[in-house]
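Asks: here are the coordinates; sequence isn't available:
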């Protein structure tokens, strides 16, 4: 088997044993990128020499006897919303074109400390606002399963890179589903850790009370290894949880649901859900029962209002966070001809530098926060947030984990929802409640929809700091399905 | 009838420091109107007696020790600036003619 088809755990073991070098593994992936990128466009920035230099350093550290983690020398694709000292960081926006941060994000730094080799920066919806990667200022990323379809979003470059074997691992951020939904529609694993479990320091902010870094991988164990590598308390992030990281790697190796109580969220079905998605979901629920889980139906009636609450809270926070792009200290400045005032330059720069979705959300947030509307919109949305958290708490008294489809449909065609924001927002219907409540949730592949032959994802939700349960259930499902399929779901994907 | 008028969008654009064209104002008035109508569903949740959550975690006022630590050099801090003069950010005029 070629190096690009190996799991991250296998690559880490081969590198540690000296059977293959980190440089060889990086070269194999860079070669794959050269072949796949003209079709996929997953990366915004790749620099072969920077990547190989990192790999050489890891090889030297290992040869000198330094003990690094299980992913030392393994390549990772890094979402272009994390600050990286040695590579541009753009958030896929024109307003940050070519910007090089003077510091590393905490997640970036921890990847480096663990000896991971950053292959490049991946495409996303501008400032992580979107569900298709079509809102990137630098062109759309294509789904490796069908090049006419979206790879999900906002972390669509990260999901496509892993699904196309350009990288064994990638990073993402999940504010309303931006890791789980792209993982679902590209047939890979994507995890949103508990909010505060992974650091936001150096992550370009979209909605600070929701933004959560997390891993993508082609299997559950690899995702757990990556999450463990970059998680844990960070004093530079005031909402970082000062508690031990849940034992996610051990849980991924346990892969056993016998005796677990699993709840099916009743509200996540019906109108708007693709029949092929529901069919695969119902099969996997039966599978969980056959593996010894006790499955019950759970009702969370307020989850139906999570989407509208989210589209008040996230834009409100975004309108405040994106005020920092003022054309004064870094990034784009247009119209500074010596006659215009700072405010005029600011308004011209922001109009030229932000794309349509970002402008929509800034204005929507400004509206929701304005006096006269605040109580009815933002204030009420924050109360709904409390109601949703309470419904989760009540549900987790009855069951150990909740399950639902990750997203109501498979990957939709490029362009289909691009100018219909409300249709686009529906992609995050099932993922948003866990962002509002801050609990852990993962998406794992559960088959292909009959109508279109495209991947379907199973979402597993666990309580705050119950990340290990997501991995335990996810690994059990993966093990049973892969033995049924005779391999991973991606082995069914068409050749590029 | 849209939930938001073109004039209201123009006001939001001014508050948001976005210099929008007339065409954009029309386009956003329609789209924002539709979005505002759809998010108004939050009012259907009975939540009078429920406290708001700004946040998912029970955290308040996290402080760090007040001690001098290394930080960015002036060169690093200015490295992404659109215009620099004498180790400072150079900005367009911030006061009006009459000031």
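Replies: Received, thanks. Every value quoted in this text rests on a predicted model; they were computed, and no experiment measured them.
Asks: out of everything not next to it in sequence, what's closest to the residue in chain A that chain B sits nearest to?
Replies: Here chain A gets closest to chain B at one residue, residue A:438, 2.5 Å apart by Cβ to the nearest Cβ. Heads up, the C-betas are built off the backbone N, CA and C, glycines and all. Distance criterion Cβ to Cβ, 6 or more residues apart in numbering or on different chains; nearest residue to residue A:438, sequence neighbours excluded, is residue B:56 at 2.5 Å.
Asks: So the one you found sits against residue A:209, correct?
Replies: Yes: between residue B:56 and residue A:209 there is a contact at 6.9 Å, judged by Cβ atoms under 8 Å.
Asks: what residues are shared contacts of those two?
Replies: Both residue B:56 and residue A:209 are in contact with residue A:195, where contact means Cβ atoms under 8 Å, 6 or more residues apart in numbering or on different chains.
Asks: so how far is the helix with the most length in chain B off the chain centroid?
Replies: Secondary structure of chain B per DSSP state H: the longest helix is helix B:22-39. Centroid separation for helix B:22-39 versus its chain: 18 Å, with Cα atoms, centre = their mean, to the nearest Å.
Asks: what residues does that helix touch?
Replies: Residues outside helix B:22-39 that contact it (Cβ under 8 Å, 6+ apart) are A:308-309, A:311-312, A:359-360, A:363-364, A:367, A:377, A:381, A:421-422, B:2-6, B:8-10, B:12-13, B:20.
Asks: List only those of these flagged as buried.
Replies: Buried by 16 or more other Cβ atoms under 10 Å in any protein chain shown: A:308-309, A:311-312, A:359-360, A:363-364, A:367, A:377, A:381, A:421, B:3-4, B:8-9, B:12-13, B:20, out of the contacts of helix B:22-39.
Asks: And the residue of chain B at minimum distance from chain A, how far from residue B:50?
Replies: Proximity to chain A, evaluated over chain B using Cβ to the nearest Cβ, is greatest for residue B:56 at 2.5 Å. Distance of residue B:56 to residue B:50, given as Cβ to Cβ, to the nearest Å: 15 Å.
Asks: So between those two, which is more surrounded?
Replies: Using other Cβ atoms under 10 Å in any protein chain shown as the criterion, residue B:56 and residue B:50 rank with residue B:56 on top: 22 against 16.
Asks: Now for the residue at minimal distance from the centre of chain B: which residues touch it?
Replies: Centroid-nearest residue in chain B: residue B:16, 6.4 Å away (criterion: Cα atoms, centre = their mean). Taking Cβ under 8 Å, 6+ apart, we find residue B:16 in contact with A:319, A:350, A:359, A:362, A:363, A:366.
Asks: helix/strand/coil for the fifth one?
Replies: Read it as residue A:363. helix (DSSP: H, G, I helix; E, B strand; the rest coil).
Asks: got any ranges where chain B has weak pLDDT?
Replies: Low-confidence segments of chain B (pLDDT under 70): B:1-2, B:97-99.
Asks: so what's the nearest residue to residue A:84 once chain neighbours are set aside scoring on pLDDT?
Replies: Nearest residue to residue A:84 in three dimensions, chain neighbours excluded: residue A:108, at 5.3 Å (Cβ to Cβ, 6+ apart). With respect to pLDDT, residue A:108 scores 98.
Asks: just checking, what packs against the strand or helix carrying residue A:108?
Replies: Using DSSP states H and E, residue A:108 falls within helix A:106-113. Counting contacts by 3 or more Cβ pairs under 8 Å, 6 or more residues apart in numbering or on different chains; DSSP states H and E, helix A:106-113 packs against strand A:75-79, strand A:117-122, helix A:220-230.
Asks: list the buried ones in that helix?
Replies: A:106, A:107, A:108, A:109, A:110, A:111, A:112.
Asks: Wait, a helix at residue A:338?
Replies: No: per three-state DSSP, residue A:338 lies outside any helix segment and is coil.
Asks: where's it relative to residue A:328, distance?
Replies: From residue A:338 to residue A:328 the distance is 16 Å (Cβ to Cβ).
Asks: Reformat the helices and strands packed on helix A:106-113 as JSON lines; add distance to chain B.
Replies: Output for the helices and strands packed on helix A:106-113, formatted as JSON lines (distance: least, Cβ to the nearest Cβ, whole Å):
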{"stretch": "strand A:75-79", "distance to chain B": "19"}
{"stretch": "strand A:117-122", "distance to chain B": "16"}
{"stretch": "helix A:220-230", "distance to chain B": "18"}
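Asks: Next, format the ones you listed as CSV and append mean neighbour count and mean pLDDT.
Replies: Output for the helices and strands packed on helix A:106-113, formatted as CSV (neighbours: other Cβ atoms under 10 Å in any protein chain shown; pLDDT from 0 to 100):
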stretch, mean neighbour count, mean pLDDT
strand A:75-79, 30, 98
strand A:117-122, 28, 98
helix A:220-230, 27, 98
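Asks: any chance of these in a markdown table, plus distance to residue A:48?
Replies: Shown next, in a markdown table, are the helices and strands packed on helix A:106-113 (distance: least, Cβ to Cβ, whole Å):
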| stretch | distance to residue A:48 |
| --- | --- |
| strand A:75-79 | 12 |
| strand A:117-122 | 9 |
| helix A:220-230 | 23 |
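Asks: Could you give the backbone dihedrals for residue B:86?
Replies: Backbone torsions for residue B:86, taken as degrees, to the nearest 10, come to phi 50, psi 50.
Asks: All the strands of chain B, in order from the start?
Replies: B:84-85, B:88-89 (DSSP state E).
Asks: Save the ones you listed as CSV, and put in mean neighbour count and distance to chain A too.
Replies: Output for the strands of chain B, formatted as CSV (neighbours: other Cβ atoms under 10 Å in any protein chain shown; distance: least, Cβ to the nearest Cβ, whole Å):
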stretch, mean neighbour count, distance to chain A
strand B:84-85, 12, 10
strand B:88-89, 12, 6
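Asks: Indicate which one of those is closest to residue A:445.
Replies: With Cβ to Cβ as the criterion, residue A:445 lies closest to strand B:88-89 of the strands of chain B, at 48.7 Å.
Asks: Backbone torsions only: list them for the residue of chain B closest to chain A.
Replies: Dihedral angles (degrees, to the nearest 10) for residue B:56: phi -90, psi -20.
Asks: For residue A:422, give me its contacts.
Replies: Neighbours of residue A:422 in contact, by Cβ under 8 Å, 6+ apart: B:34, B:35, B:38.
Asks: Which among these count as buried?
Replies: By 16+ other Cβ under 10 Å, the contacts of residue A:422 give B:34, B:35 as buried.
Asks: Tell me the one of the contacts of residue A:422 nearest residue A:66?
Replies: For the contacts of residue A:422, the nearest to residue A:66 is residue B:35 (52.8 Å; Cβ to Cβ).
Asks: gap between that closest one and residue A:153?
Replies: 18 Å.
Asks: likewise residue A:183?
Replies: Separation of residue A:183 from residue A:153 (Cβ to Cβ): 11 Å.
Asks: and those two? which has more neighbours close in?
Replies: Here residue A:183 and residue A:153 are compared on neighbour count by other Cβ under 10 Å; more neighbours surround residue A:183, at 39 against 34.
Asks: Helix or strand: which one has the nearest residue to that one once chain neighbours are set aside?
Replies: Nearest residue to residue A:183, sequence neighbours excluded (Cβ to Cβ, 6+ apart): residue A:190, at 2.7 Å. According to DSSP H and E, residue A:190 maps onto strand A:189-192.
Asks: What pairs with that strand, parallel or antiparallel?
Replies: Sheet pairing for strand A:189-192, assigned by DSSP bridges, gives strand A:212-217 (antiparallel), strand A:440-448 (antiparallel).
Asks: what would those strands look like in TSV with mean neighbour count and mean pLDDT?
Replies: Converted to TSV, those look like this (neighbours: other Cβ under 10 Å; pLDDT from 0 to 100):
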stretch	mean neighbour count	mean pLDDT
strand A:212-217	30	98
strand A:440-448	29	98
